[in-house]
Each structure stands twice: as C-alpha cells, then as structure tokens.
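>>> Prediction below, plus the sequence it came from.
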Amino acid sequence: MDRLESLVNISQYYGNNPAYIIAGGGNTSYKNSEKLYIKASGISLATIALDGFVIMSRDELGAMEEKVYSEDSVSREEEVKKDMMNAIISPENLRPSVETSLHNLIGYTYIVHTHPTNINALMCANDAKAEVEERFGSEALYVEYTDPGYILFKKLRDQMKIYRNQFGTDPKIIFLQNHGIFVGANSAQEVKAIYDSVESRIRERKNLSLPEGGIEGYESEALEVVSGFYASRNLVSKAYRSPLIDHFSAGLSQYQKISRPFTPDIIVYCKSNYLFLEKGMGADAIAKKLAEFEEVHSYYPKVIVEEMAGLIIVEENEKSVNTVLEVFYDMLKISYLSEQYGGPHFMTDEQITFIDNWEVENYRRSVAKAG
C-alpha cells in the first residue's frame with residue numbers, strides 16, 4: 001500500500017472511532033526527509049482524504065525549532081503562525097494543525113495524535129503521572145500540562161532531548177496531561193499495535209465500565225424556559241438524559257465533578273463555563289440565572305445541568321447541538337472513569353483563559369462549524 005494511502009486509511013480508522021476522536025479533534029501525519037503531510041486544522045479525520053492534508057517543508061519547520069520568538073504570548077503566537085504559514089508547500093488555502101511542529105519533532109514516519117476517552121480518563125486524573133510511570137516505565141514520555149502551540153513544542157523538545165540522551169531513541173508513546181496521546185512508528189500497522197497495547201495496559205486492575213443505558217431526549221419546564229429565553233436569537237435548545245447524565249445531575253456535589261473543562265477540546269466546543277439549575281426553580285428564577293450567566297461570561301451557556309433531570313444543550317443549530325452533546329458527554333465519561341485513577345483533575349483558570357483567547361482554537365472552531 002502507498003504510504004500516503006496508509007496515512008489516509010489510519011486517519012479515517014481512528015477518526016471514525018468515537019472512543020478516540022470526538023468532533024474535529026486529533027491529528028495525523030506522514031513524513032519523509034523533505035516533506036511533512038499534516039492534517040489541516042478543523043478538518044475531520046473521519047472523512048479526510050489526501051487533499052485534507054497540508055504539505056510542509058521540513059527544512060522550514062526545522063528552522064523554527066531554534067528560532068527565538070517574542071516573550072509576549074500574543075506577539076509570539078502571531079510570529080509562529082506567520083512562520084508556519086511560510087513553511088507550507090501546498091495547498092495555500094488550508095492551515096496546518098497547531099501541533100505541526102510536534103509531529104515534525106518526533107522521529108517516526110507516522111504520527112497519530114488522539115484524545116481517547118479511556119486514555120484521557122487517566123490523563124485528566126490526579127494520579128496520571130504515577131500511573132503512567134508504573135504502567136509504562138521508560139517506554140513512554142509523560143508531559144505535564146503546557147499551553148498548546150509553541151510553548152508546548154519547546155517543552156516537548158527539551159524533554160525529548162533528555163529522553164534521547166538516556167535511551168538513544170525517540171519515545172513511541174507520549175502522554176500529554178489534560179490533553180491526549182501521541183503515538184509514533186514507522187508503519188501504520190505498528191501505530192495500531194501500540195495503541196492496542198496502551199489501551200490494554202491502562203485497563204489492568206481497573207474497572208473502566210460505564211453506567212449502562214443510552215441517551216434519550218426529554219421535556220421539562222426548564223427546557224421550555226430556556227427555549228423561550230433564546231427564541232428571539234433563533235438558538236436551538238434540546239434536553240437529554242441517560243444513566244451517566246443522571247449520575248452527574250443528581251446534585252451540586254456531583255455536578256462539581258464536571259463543572260470545569262478537562263481539555264482544550266472541551267473549551268473549543270462547549271466553552272469553559274456551564275450552568276447548574278437547582279431542582280424546583282421557577283420560570284422567573286431560571287430566566288434570571290440565564291441573564292446573570294451571560295452578564296458574567298459574555299456568552300450564553302451551551303451546557304445547562306438541570307438537577308435530577310438531565311442536560312440542556314443550547315446552540316446555533318441542531319448539528320451544533322449534537323456536537324456539543326457529543327463532546328460534553330465524553331467529558332462525563334472521562335470524569336466518571338477518572339475515579340479509577342485518583343479522581344478528576346481540571347485545567348486551571350490560567351490554562352482555560354489561554355485557550356479561551358487563543359486565535360488558533362477560535363479558527364479551528366469556525367472551520368469545524370463550517371464543515
């Protein structure tokens with residue numbers, strides 16, 4: 001099989017598996033000595049074809065590795081983006097993944113970066129580092145959470161140098177706290193084998209089962225109030241319940257385990273603040289809560305947890321509602337399963353603010369919505 005055909009096949013393989021890829025998350029690449037083929041930002045891996053990859057000059061990307069950029073975060077990201085765009089060979093109308101430099105850095109032909117539910121249950125848990133060291137030892141590199149983009153690249157570059165000096169090779173498994181996993185190998189078949197091995201090892205001595213039962217819609221007075229509140233803006237409101245949703249909507253203490261985002265993807269699609277409605281609230285009280293939320297956060301709540309009832313999702317259209325539901329429901333799974341590894345570990349306010357304001361993620365969100 002042609003190597004680029006293998007890139008497309010393995011991209012679609014993981015892109016069509018919701019246990020690994022949700023919405024527009026994750027990215028894949030193939031490289032030779034001269035060129036890097038990297039997934040374009042915002043393109044879905046599930047349906048990607050060869051024209052969904054950006055061809056990059058490895059010489060130009062390599063020059064970026066040693067370049068000194070501004071200390072100011074806004075100026076720095078603009079400078080990095082400019083150099084990244086200059087490294088494009090073709091096509092010029094697509095934007096390479098923000099993690100392009102990381103793909104170029106790791107010395108394997110194929111790189112598959114995903115945000116798997118089970119693996120992120122570990123990556124978004126309090127005992128993540130200790131569990132990785134126990135289960136993988138020197139086979140994997142663990143990287144504590146770092147703002148994505150150039151800062152993450154610099155941190156990974158430094159840690160990779162240490163790893164290479166110690167073991168004489170690059171790690172094939174890189175775990176990123178509150179983010180996901182990179183797997184690298186010189187064949188697509190080996191990438192799959194490594195992923196299977198990782199899944200198997202994180203399950204050892206753990207119960208990674210979820211409450212049984214699917215998602216179904218429901219009607220409530222709260223849903224009527226929310227729908228009416230946003231009717232003038234033509235926003236769509238839908239309500240959902242399931243045994244897993246019931247677990248987290250049972251009361252305020254349970255809701256607090258999903259009250260903040262775990263990963264950048266959650267912020268991209270669901271924003272970083274959610275609304276909890278106590279059981280028995282009247283229509284006026286709910287409307288007041290909605291107004292107060294917007295006054296504080298300057299945006300409407302995409303996710304509303306109705307106590308003892310379920311989730312209410314608010315978005316621009318039904319497709320976007322389904323995307324938010326898919327991403328937030330995965331967050332529920334991560335929180336539930338993280339209890340096996342010491343309980344949930346949220347992103348900090350500072351980390352959340354960076355993603356909220358980062359132009360790159362705003363671009364990815366807009367492309368994914370348009371797609």
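Yep, that arrived.
>>> Gly149 and Ser101: what is the separation?
Remark: distance between Gly149 and Ser101 (CB to CB, to the nearest Å) = 9 Å. Using the backbone N, CA and C atoms, a C-beta is placed for each residue, glycine as well.
>>> Those two - which one has more neighbours?
For Gly149 versus Ser101, neighbours defined as other CB atoms under 10 Å are more numerous around Ser101 (27 against 22).
>>> And the more buried one, how far from Ser200?
31 Å.
>>> Glu71 too?
44 Å.
>>> Could you pull up phi and psi at the residue nearest the centre of the chain?
For the chain, Asp265 is the residue whose C-alpha lies nearest the centre (CA atoms, centre = their mean; 3.3 Å). Dihedral pair for Asp265: phi -60, psi -40, per degrees, to the nearest 10.
>>> burial measure for the residue nearest to it when sequence neighbours are not counted, as a count.
Once flanking residues are discounted, Asp265 sits nearest to Gly25: 4.7 Å by CB to CB, 6 or more residues apart in numbering. By other CB under 10 Å, the residues close to Gly25 number 24.
>>> Might you report the residue contacts of Gly25?
By CB atoms under 8 Å, 6 or more residues apart in numbering, the contact list for Gly25 reads Thr114, His115, Gly180, Asp265.
>>> what's the closest of the residues you listed to Lys31?
The nearest member of the contacts of Gly25 to Lys31, counting by CB to CB, is Thr114 at 18.1 Å.
>>> Show the end-to-end separation of stretch 99-117, please.
With CA to CA, to the nearest Å as the measure, stretch 99-117 spans 20 Å from end to end.
>>> Which parts of it count as buried, going by neighbours?
99-106, 108-117 (16 or more other CB atoms under 10 Å).
>>> Now, the residues you listed that are in helices?
The members of the buried residues of stretch 99-117 that map onto helices under DSSP state H are Thr100, Ser101, Leu102, His103, Asn104, Leu105, Thr117.
>>> how about the helices of the stretch 101-250 of the chain, start to end?
117-123, 128-136, 150-167, 188-203, 221-230, 243-249 (DSSP state H, counting those that start in this stretch).
>>> most tightly surrounded among the ones you listed?
Among the helices of the stretch 101-250 of the chain, the stretch with the highest mean neighbour count (mean count of other CB atoms under 10 Å) is helix 117-123, at a mean of 24.
>>> could you give me the average pLDDT of that helix?
In this model, helix 117-123 carries a mean pLDDT of 98.
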